[in-house]
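[1] here is a sequence together with a model predicted from it:
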Amino acid sequence: MSTTQIAAALFQLQQLDLELERLVAELQSVVNSLEGSSKLQKLRAEHDIAQQQLRAGLQAQKEAEWVLEELNNRLSAQEQRLYGGAVTNPKELSALQQEVQRLRAQQSRQEETALEVMDSAESLQEMARQKAEELEQEEKTWGEESASLRARRDQLEVRQQELQGRRAQLASTIEPRFVNRYDVMRRTKQGRAVSKVDQNSCQWCRVILTPSELQRVRTGTDLQTCTNCGRILYYDR
Ligand SMILES: [Zn+2]
């Protein structure tokens, strides 16, 4: 392989690498998109919150009912004592009457509370049902929409394999020391280790080559680099 052929092969390698880079970036963005639309993520979060609120609401309802039941039991026990005739002491009877009145007032307040809590649990139930429905609908829509994304991902993966194969094949035809030099330079030079000579200048940095530099790029026995940006020069005519 002549020096110009090596520079040409390295330039081709660079074209493949740049295409691979673009492809990997697109693949990454497709994979990210496949994790779900932002609308879907929002609905999932809202659905979770609605479920949590519903659980809390049902628990509150249960507790309010327990408190009411206990009050009912206490009240009927005291009423039995009051009207049962077992208590005859007037002082004791009057205290019992007051206790019954107090319990009745407490019972009626608790009945109101229980009703409010029940109402609220009912609206939470309705909200949770709505959110579940919206989520289900969106999951379905997303499933249909993402079909084209999945197809694109598969296509990109096939293309990636193909490019990687071509790159390996091309690299195997170039002496390893040149491939290594190219690989090291790519990392420090924004992925562009090779620059074409275009109208007597380095295409990357636009510095104009002297006639002797141009001569060396065309016919030299060693790879020539740009005196300004340091990239390997490639002359394709
Ligand atoms: Zn340059």
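    Received the coordinates, thanks.
[2] what residues does the chain have near the ion?
    202, 204-205, 226, 228-229 (Cβ under 5 Å from the ion). C-beta here means a position set from N, CA and C on the backbone, and glycine is covered the same way.
[3] could you turn the buried ones of those residues into a ChimeraX selection?
    Only the buried entries of the residues of the chain next to the ion go into this ChimeraX selection, using 16 or more other Cβ atoms under 10 Å:
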select :202,204,226
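[4] burial count for V30?
    By other Cβ atoms under 10 Å, the residues close to V30 number 20.
[5] can you name every helix or strand that the helix or strand hosting it contacts?
    Element membership of V30 [criterion: DSSP states H and E] is helix 3-33. Of the remaining helices and strands, those touching helix 3-33 by 3 or more Cβ pairs under 8 Å, 6 or more residues apart in numbering; DSSP states H and E are helix 90-172, helix 176-188, strand 194-198, helix 211-219, strand 232-234.
[6] returning to that earlier point: considering the residues of the chain next to the ion, which is situated nearest to Q53?
    Q53 lies nearest to W204 out of the residues of the chain next to the ion, by Cβ to Cβ, at 60.1 Å.
[7] can I take it that that closest one is in a helix?
    No - going by DSSP: H, G, I helix; E, B strand; the rest coil, the assignment for W204 is coil, not a helix.
[8] pretty sure it is touching I232, no?
    No - taking contacts as Cβ atoms under 8 Å, W204 lies outside contact range of I232: 10.4 Å.
[9] mutual contacts of the two, please.
    S195 (Cβ atoms under 8 Å, 6 or more residues apart in numbering).
[10] per-residue pLDDT, the residue nearest to the spatial centre of the chain?
    Nearest residue to the geometric centre of the chain (Cα atoms, centre = their mean): E35, 5.9 Å. Per-residue confidence (pLDDT) for E35: 83.
[11] so how far is the ion from it?
    41 Å (Cβ to the ion, to the nearest Å).
[12] next, that residue: phi, psi?
    Dihedral angles of E35 (phi, psi; degrees, to the nearest 10) stand at phi -70, psi -10.
[13] report the two of the residues of the chain next to the ion separated the most.
    So, the residues of the chain next to the ion by Cβ to Cβ: farthest apart are W204 and N228, at 8.8 Å.
[14] where does pLDDT dip in this structure?
    Low-confidence segments of the chain (pLDDT under 70): 237.
[15] list the contacts of R186.
    R186 is in contact with 14, 17, 192-193, counting by Cβ under 8 Å, 6+ apart.
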